[in-house]
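S.K.: Structure for the following, please:
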Amino acid sequence: MRNPSVSIAKGIAIILMVMAHARCGIWWQHYINMFHMPLFFFMSGYCFKETYLVDTKGFVTKKIKGIWWPFVKWQLIFLLLHNVFFALNIYNGEYGFRGEVSHAYGISETLKNAFYIVTTMSHGEQLLGGFWFLKSLFVGLLFFYFATKLTIYIGKKEEKYSLDFIVGGMLLAATLLFGFIGREIPFWGIGVREFMASFLIWSGYMYAKYEFKFDGRWWLIVAAALLVAVGTEFWQCSMLSLKFGLIVPYIITALLGSLMVFGISQCISVHDNWLERFLVFVGDNTLDILTWHFLSFKLLSLLLICLYGLPIERLAEFPVIEEFAYQGWWVLYLVVGVAVALGVSVVKMRVKQTYNNRLL
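M.R.: All right, here's what the predicted structure looks like:
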């Protein structure tokens with residue numbers, strides 16, 4: 001039976017992601033970054049089916065189709081459109097992300113980027129900047145899966161049983177090791193972020209296995225929210241800025257924030273109302289939001305350029321035109337970023353439905 005609270009939690013998390021990217025306020029951005037992406041890794045582990053432990057081919061094939069292929073497909077499409085975006089000032093040589101500007105690609109650079117997109121899930125397009133998550137999810141799931149398989153094999157050989165915590169210890173140790181040395185696996189670009197993802201996946205798996213629930217315990221949800229605020233003040237971090245000394249504090253805050261959101265989602269899921277249905281729909285279409293929200297932001301940036309007579313080159317400011325976002329325009333950036341992407345989801349669903357009806 002489907003658990004709607006999972007989709008609701010993902011829906012809340014993806015809205016928070018767009019909200020942070022829309023520049024809702026520096027402190028709130030830091031607060032959201034403490035847990036919103038870890039929650040997706042946590043939920044992936046929560047949904048892990050143990051039947052896959054005896055079907056390695058099925059598991060790997062499913063992850064290739066569900067994670068690697070969408071990454072490669074959309075990155076290659078946006079790569080082919082790179083020069084079109086450059087001609088439209090969505091990219092240019094004057095503005096970008098924190099001083100990182102762009103340029104038109106030649107054939108050799110396009111082929112080079114395509115090679116790395118396919119082989120290492122790297123060298124992606126700025127407009128798909130959030131796709132780092134897909135690489136970390138894909139690699140993290142593989143680490144979690146094969147660490148679990150290896151531990152089960154060793155445990156059977158030595159006639160041991162409960163080995164769940166050994167898996168978690170292995171993944172945490174690897175996270176700390178790569179955080180300490182500050183290096184990545186050559187060519188693949190796999191490092192502390194992917195091992196952190198695997199540990200968070202394991203945490204979600206354990207949460208589901210031992211059936212601990214936050215729903216109905218509002219004092220736990222409030223306490224978790226306050227502790228995340230404490231973390232935001234004293235060990236502000238994110239999945240993109242992991243440092244060795246912050247790994248353990250960040251894990252604690254990330255898990256508390258994930259449990260907070262999941263607890264809220266479990267409370268919402270018991271009510272069949274518009275909010276529950278909306279968040280389920282959002283949660284079921286997180287990939288579309290991840291794919292399209294940065295490009296959708298450009299629509300509002302273009303409007304601001306027209307309203308305030310700004311140079312068209314500022315369209316390339318990424319992800320938003322911050323001076324206006326911090327004045328309150330972030331609300332509309334958020335609405336546009338979510339609404340346009342969901343519009344894409346609706347169109348895809350209707351096209352698919354029409355196609356299926358014709359087949360019948």
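S.K.: Skipping adjacent residues, who's closest to Gly168 in space?
M.R.: Distances taken as C-beta to C-beta, 6 or more residues apart in numbering place Trp202 nearest to Gly168, at 5.0 Å, with adjacent residues excluded. Just so you know, the C-beta spots here come from the backbone N, C-alpha and C atoms, and that holds for glycine as well.
S.K.: Buried ones in the helix or strand the one you found falls within, by neighbour count?
M.R.: Secondary structure assignment for Trp202, by DSSP states H and E: helix 192-209. Under the neighbour-count criterion of 16 or more other C-beta atoms under 10 Å, helix 192-209 has 192-208 buried.
S.K.: And the pLDDT for the residue nearest to Gly168?
M.R.: Note on Trp202: pLDDT of 96.
S.K.: Check the one 4 residues further on too.
M.R.: According to the prediction, Met206 has pLDDT 92.
S.K.: So which residues of the stretch 101-250 of the chain form helices?
M.R.: Remark: helices assigned in the stretch 101-250 of the chain by DSSP state H, counting those that start in this stretch are 107-120, 132-157, 164-181, 192-209, 218-234, 247-268.
S.K.: Any idea how far the second one is from the middle of the chain?
M.R.: Put plainly, it is helix 132-157. For helix 132-157, the separation from the chain centroid amounts to 19 Å (computed by C-alpha atoms, centre = their mean, to the nearest Å).
S.K.: Buried ones in it, by neighbour count?
M.R.: Neighbour-count burial for helix 132-157 [16+ other C-beta under 10 Å]: 132-145, 147-149, 151-152.
S.K.: hmm, back to that, contacts for the helix holding Trp202, please.
M.R.: Residues outside helix 192-209 that contact it (C-beta atoms under 8 Å, 6 or more residues apart in numbering) are 38, 41-48, 132, 135-137, 139-141, 143-144, 147, 164, 167-168, 171-172, 174-175, 177-179, 182, 239-240, 242, 247, 251, 254-255, 258-259.
S.K.: coming back round to it: out of the helices of the stretch 101-250 of the chain, nearest to Pro311?
M.R.: Using C-beta to C-beta as the measure, helix 107-120 is the one of the helices of the stretch 101-250 of the chain that comes nearest Pro311, at 26.8 Å.
S.K.: Lovely, talk soon.
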